[in-house]
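Enquirer: just the structure for this:
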Amino acid sequence: MDASSNSDLAADELLRAQAELWNHIFAYTKSMSLRCAVELGIPDAVHRRGGAVTVPELVAELALPRSREPFLRRLMRLLAHGGLFDAAAGLEEIIHRTHRLARSSPPATSARWGNV
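Expert: This is a model prediction of the structure:
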């Protein structure tokens, strides 16, 4: 091996390490945003409104102050990007994809992993 192939290998390893780090960071962000959505009652609120709701309607349904609307919009954008909600009309209309998200059904991982 010459010096150029060693530097290519080191650059490739560095790139893979950075990608792994970003995957962990974004996984944490996704799980915390999901936790926030469940604690706020967003899945139930969207379900009560028939499955489609705008962010201002969601603010009213959750009895949040209007000053929190930009933050809720960001949260919904993050949840839509993560695939938990569908967004349409420029993220104004949020369509709930998994209306049983916060229900008492057991998580899919428990059936898949057993009692690990």
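Enquirer: center of this structure, which residue is that?
Expert: With the centre of the chain defined as its mean C-alpha position, the nearest residue by CA atoms, centre = their mean is Leu79, 3.4 Å away.
Enquirer: how close does that residue sit to Asp12?
Expert: Remark: distance between Leu79 and Asp12 (CB to CB, to the nearest Å) = 33 Å. Where C-beta positions appear, they are placed from N, C-alpha and C, glycine not excepted.
Enquirer: list the buried residues in stretch 76-92.
Expert: Met76, Arg77, Leu78, Leu79, Ala80, Leu84, Phe85, Ala87, Leu91 (16 or more other CB atoms under 10 Å).
Enquirer: tell me the pLDDT at the last one?
Expert: It stands for Leu91. Per-residue confidence for Leu91 comes out at a pLDDT of 42.
Enquirer: ok, now Ala88?
Expert: We note a pLDDT of 70 for Ala88 in this prediction.
Enquirer: hang on, the residue nearest to the centre of the chain is in a helix, isn't it?
Expert: Yes. When DSSP: H, G, I helix; E, B strand; the rest coil is applied, Leu79 is found to be in a helix.
Enquirer: excluding chain neighbours, what is closest to it?
Expert: Using CB to CB, 6 or more residues apart in numbering and skipping the chain neighbours, the partner closest in space to Leu79 is Phe85 (4.9 Å).
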